[in-house]
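Colleague: Here is my input; please provide its structure:
(chains A and B)
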Amino acid sequence: MRYRAFLLISALALLTGFRSLACGPYYYEPEYYFMYRVSDNYLPSFLWKTQPFDYNFESEDNCRLWQKQTTPSASLDDIYQVVYKYSIEDLTKTPSGKRNSFTKWLKTDKEAREFLVLAKECEKARAEMVSPWYYPSKKDPQKATLDQIAARAMSYRGRRLAGRYALQAVRALHSLRRYDDCINYWNKTVQGLPDDVITRMAAGYVGGAYANIGDTDKAAELFAFAGDVESFRLCLKKDSLSFKKRTKEIYPDSQDMRRIIAREITLMQPWDKYTDAPKWSKSEVEKREDFKYCIEVGKNPRYGHKDFWYYSAAFIMHVLGQDQEASRLLSIAEKHCGEDELLAESIRVFRIYLDAVLTPYSPSYASQMVRELAWLDGKIVEHYPEVRKEAVNFGIYYMRTNISFFYWNDMMRKIVLGAICPKLVENGQGATAIAFANMADNRLLNLVGEVEDGYYDKDGYYRIFTYSIDKYRANERHNVYDYSNELFLLLDSIPCDDIIRFVNSMGHPQGEVDAFLQKRGNTDKNFFREVLGTMLLRDMRYAEAEQYLRLIPASYQSRLNTYKEGYLRFDPFSVVRRSLDDKTDYKLTFARTMADLEGEIRTQKDPNRKALALFKYATGMQNSVSTCWALTFYGKNWGCDDPAYGPTPMLDAQKRLFTRAEKLYAQALATATDREIIAGMHLRLKNLRTVMEKYDGTVAHMEADIYGCDVYYDYHLEKKEQFKNNIWIEF
Amino acid sequence: MTIRSPWPVLTLILLLPLASCRQKKDVVVPATEATEEPGRAVYFWKTRFDIDESEQEFLKTYSIGKMYVRMFDVDYDASPAAGAEKVIPVGTTSFVSGKPDGIEIIPTVFITTRALDLSKQEEGGLPALAGKIVLRVGNMMDYNELGTFRELQLDCDWTESTQEDFFLLCRQVKALLKADKRALSVTVRLHQLRQSAPPADKGILMLYNTGALRSAGKQNSILDVSDVKAYLSRTPVIYGIPLDFAYPSFGWGVWFRGSKYNGLLHQTDFFNPEYYSPDGNEFTVLKDHVLENHELLKGDRIRLESSAPASINEVKELVRRAFYKYPHDNILYHLDSNNLSKYTKDEIQSIFAD
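Modeller: Okay, here's the model as predicted:
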């Protein structure tokens, strides 16, 4: 488990900093959380790639039959343990039965006990033969055992366990590939067998025998009787025209048919918007065919499970992008919600989602929605203990990449981050969007209260530690969550005024919606102030940035990944890369200096002093999105070459601030009157040709000469050319 | 080893002993003269071994001595239903009828390159795979009373990128077989002639499936003499292991929707004018219908491909020139009464003849 955890962490740790798009690493958008749910088989999405749905119809029926055939005093759980979990040794070496009510009974029921021993011997021998590489040979020990088991099973003459012995006989014969014997035995005994789960299980093996001798029609008939839809399907050649037709005739509203439909719909759900549809994806025609089937069965008064059929039909409409129609069909499903509590909950979740997508956001809708989200939140609170361990181990990785792992939290995230937030942002209600995203990204984390983190120590051992959330955020390790989750992506892309409104509202909730959201989100004001200050620096609103940054304790700086990784160290006012001796309050000092420079530019009367202020201001501005990018960003994102994904925020900001800085440099050069100062500015701008040709006799000229007068050229022009082409300039 | 320039054979014969002093290689120089009649064999390439009367008759009439029987394929199963082992045998042949009298069965196993590649990730890697193949083949021969086998054949469409893996597998299988004094043979596709020979005791040169099956057009992907010429025109062809030669005796319909390959149809009768309109070896579907569990739609095209005796004889001539005369077997791919009924006795005799 630890190794698995390490692998996962190693893989996901690559997703540090910003999340890139086309060039990976990979993550899912929140709207792509899987939502369709009709059973409790809810697996993490990465497991869905490898694990099939597996419903066990038989075990419960089998245990009930045991209870009927033996004693009602044995509980179903105890029977299940003995029948499905006990080894032969467990069965034979614990005659006293300890506390198991069924083994206690078996002590007195020799016939049942002997049968169970035989069944387990049969299972053991078959298990050794289940390797796909197994092929019998005449020297097989397993074969000898199964030969004996088949003979013993076929010789049973009692009535009570006749079906069970028949099952063991056909299992053994099937495993021995004695298909003809298997079929003959079945044909001789089937008349006397009861119509129960055991006989149906036996029919499946006989169907297999028929299939092996090439009689697929007979095999299909027996698989149909056995309820083995998969084999039935294979037998009739998967996806053949006759398959669905025959399946529908035989299974209009059976559990098995619902299982097929459920699986097909589950696999219809898109994974994300960037990658090609997986191989198993259904065509639109196939989706519509399933839809038609759901409607037909749903409408037919002879059949039940209308909640299932209409929910499924609604979901297919949603997959096909017709949410209005999905909503209409879902309302029919809602009317038919019955005993299936799990399905009723899934229907309610789907309703919240559809409403979030279809209803315009308004205060009245917000109140109604929050009541529904409160219900969803209640489910998170109720069920999170079931996934607590996994949430501690991997929760932040799952949530950051939007991998499905805990239905209730996933649905909260899908609804809030995938439907509500984008709509709020579109409607200019960014502050509210932040509040929602804050809740969705932090609710489970706050409940769980802990995060696991691991790393290699200096001796090469992988160490794993569990921290409280606050300690995780404060420790010296890279914080993989707060600067790359959905909340952060929103903060990173939304206008600063929205963040200001949100920060100012913290601790002062306006109404029930706000109160609900604030209570469940991250309440650390310093986090939001720090992000806001940074965004204001990116927006060149230095005086305002200072207002927020000065409220943050100096020690808070050490929580930033950019600090931990040593990016908060270069002098933002130097034209060459130079580390600062004092890095305390790095962002605050920068904001303050820039704000002061703005004041000086406004008030300075001396043209040369003003020019120097302009020059320094322009340098700080340019450096804040290049050499000292950590002043305005939390990760260096080079972006992708793929134009389909557009420029990254970093390239965008660089273009904006560089353009402004260019103008300021020009203004500084135009403002200054002192030849030495002008030459010095040209030198720092690496306009060496200008210095050499026009400022002979200045200190700058001498310095430029030292740079190499025989090969001088104008870097500045080159930079301009690069900039025009929108190429990132490496400093 | 393939010599691309037409050097005189004599020079080669003189040089080879020198080369072998430095590097041990199983280079076989074709004898310039051989008087023995070629041995006769057939492939059996179905998943159900059920020899009907006409096939029994065929074996007797043409004095077939050996039958290469496909036992199973080895493929990678990525499906969720697969267990821990992902590289597994698939399509295991079920033996309904017994071994025909007087016939030696040579078990043959087809391995996909995907399985070859991914088996390295499985426990034990390629050596373990070799062990599983040999054990399973042994069990199948024993259980189905197919006689003691003296040779096992591996069939793989390896290329330069998978050559190393396939050769390693061959070495492992060969070592396991050697203990029981059994031989390893491999199939050799025309394109593989340009690579080193696998470390096997002999090869069967497949003179069929020479063209691009999935490309639309009127070509014959089963056997096109010009495709073979490209590989055998420069003589002599020298290969590192002795070769037998396998010729086709089958036909099929290659089904296209637009220009997209859609599958193979084993039926070759498309002469019902209600359903198909012929145009040379191509047939256009006139109305929607289901054939072999496929939904054929109006406008689909079917390219009828076959193994024409004239083409086979032309290829045989190319083989004669490329490999001179040396003892070898001629093998027919494959034993199927439906297909074989389309050939006259003389045509079959001429394929088997030297």
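
Colleague: For the residue of chain B positioned farthest from its centre, give its distance to B:W252.
Modeller: The outermost residue of chain B relative to its centre, with distances by Cα atoms, centre = their mean, is B:E274 at 36.4 Å. Distance from B:E274 to B:W252, counting by Cβ to Cβ, to the nearest Å: 22 Å. In short, each C-beta sits where N, CA and C put it, glycine included.

Colleague: same thing with A:R152?
Modeller: The value you get for A:R152 to B:W252, if Cβ to Cβ is used, is 49 Å.

Colleague: Tell me the residues on chain B that lie near chain A, please.
Modeller: Within chain B, the residues that sit near chain A (Cβ under 8 Å from any Cβ of the partner chain) are B:48, B:77, B:80-81, B:83, B:85, B:88-89, B:92, B:94, B:96, B:132, B:135-136, B:138-140, B:142-143, B:290, B:293, B:295.

Colleague: where do the helices sit along the stretch 601-731 of chain A?
Modeller: A:607-623, A:649-671, A:675-684, A:688-694, A:699-708, A:715-724 (DSSP state H, counting those that start in this stretch).

Colleague: For the fifth one, name the packing helices and strands.
Modeller: Secondary structure elements in contact with helix A:699-708, counted by 3 or more Cβ pairs under 8 Å, 6 or more residues apart in numbering or on different chains; DSSP states H and E, are helix A:675-684, helix A:688-694.

Colleague: what do you get for the first one?
Modeller: Packing contacts for helix A:607-623, counted by 3+ Cβ pairs under 8 Å, 6+ apart, involve helix A:586-603, helix A:649-671, helix A:675-684.

Colleague: likewise the fourth one?
Modeller: Counting contacts by 3+ Cβ pairs under 8 Å, 6+ apart, helix A:688-694 packs against helix A:675-684, helix A:699-708.

Colleague: Can you add mean pLDDT and give these back as TSV?
Modeller: Shown next, in TSV, are the helices and strands packed on helix A:688-694 (pLDDT from 0 to 100):
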stretch	mean pLDDT
helix A:675-684	89
helix A:699-708	71
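
Colleague: Tell me which of the ones you listed sits most buried.
Modeller: Most buried of the helices and strands packed on helix A:688-694, by mean neighbour count (mean count of other Cβ atoms under 10 Å in any protein chain shown): helix A:675-684, with a mean of 20.

Colleague: Counting neighbours, what do you get for residue 209?
Modeller: With no chain named, the answer covers chain A. 25 (other Cβ atoms under 10 Å in any protein chain shown).

Colleague: could you do chain B instead?
Modeller: Applying other Cβ under 10 Å, I find that B:N209 has 17 neighbouring residues.

Colleague: ok but it is inside a strand, no?
Modeller: No - assessed by DSSP: H, G, I helix; E, B strand; the rest coil, B:N209 does not belong to a strand; its assignment is coil.

Colleague: so who does it touch?
Modeller: B:189, B:221-222, B:248 (Cβ atoms under 8 Å, 6 or more residues apart in numbering or on different chains).

Colleague: right, and the helix or strand after the strand ranked longest in chain B?
Modeller: Assignment by DSSP state E gives strand B:66-76 as the longest strand of chain B. Remark: after strand B:66-76, the chain's next helix or strand is strand B:87-90, criterion DSSP states H and E.

Colleague: just to revisit the earlier point, could you export the helices and strands packed on helix A:688-694 as CSV, including distance to B:L126?
Modeller: Formatted as CSV, the helices and strands packed on helix A:688-694 follow (distance: least, Cβ to Cβ, whole Å):
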stretch, distance to B:L126
helix A:675-684, 64
helix A:699-708, 61
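
Colleague: nearest to chain B, of the helices and strands packed on helix A:607-623?
Modeller: helix A:649-671 (38.7 Å; Cβ to the nearest Cβ).
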